[in-house]
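1. structure for this input, please:
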Amino acid sequence: MTVGSQLKNTLAGLKGAQAIIELYAQQARHEQSRAAFQEGLVILAEVVESLAGRLQEIELAEPQYKSL
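-> Sure thing, here's the model as predicted:
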C-alpha cells in the first residue's frame, strides 16, 4: 500500500468519524456534552484539512498516486 493510498484511507476514516461526531453532537442532551463534541469537530476538521492539503502535495509531486 502506497503512502497516497494510506492517506486516502485515513482521510475517509476521519470523514466518517466526523459524521458520527456530528450526529452525537446533535443528539447530545447536555449543553456541555454538545460543546465538547463541537470542539472535537473543530479540531478534527483542522486535521482533515491538513491531511487533504498533504495529499494534494503528494499527488502533484508523484502523479502516479493520483486517482488511486
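2. residue 17 reaches residue 43, doesn't it?
-> No. Using C-beta atoms under 8 Å, residue 17 is not in contact with residue 43; the gap is 11.4 Å. For glycine as for every other residue, the C-beta is placed from the backbone atoms N, C-alpha and C.
3. which one's more surrounded, the two?
-> residue 17 (15 against 9; other C-beta atoms under 10 Å).
4. the residue nearest to the more buried one when sequence neighbours are not counted: neighbour count?
-> Nearest residue to residue 17, sequence neighbours excluded (C-beta to C-beta, 6 or more residues apart in numbering): residue 44, at 6.7 Å. As a burial measure, residue 44 scores 16 neighbours (other C-beta under 10 Å).
5. who's in contact with residue 44?
-> Listed by C-beta atoms under 8 Å, 6 or more residues apart in numbering, the contact partners of residue 44 are 14, 17-18, 21.
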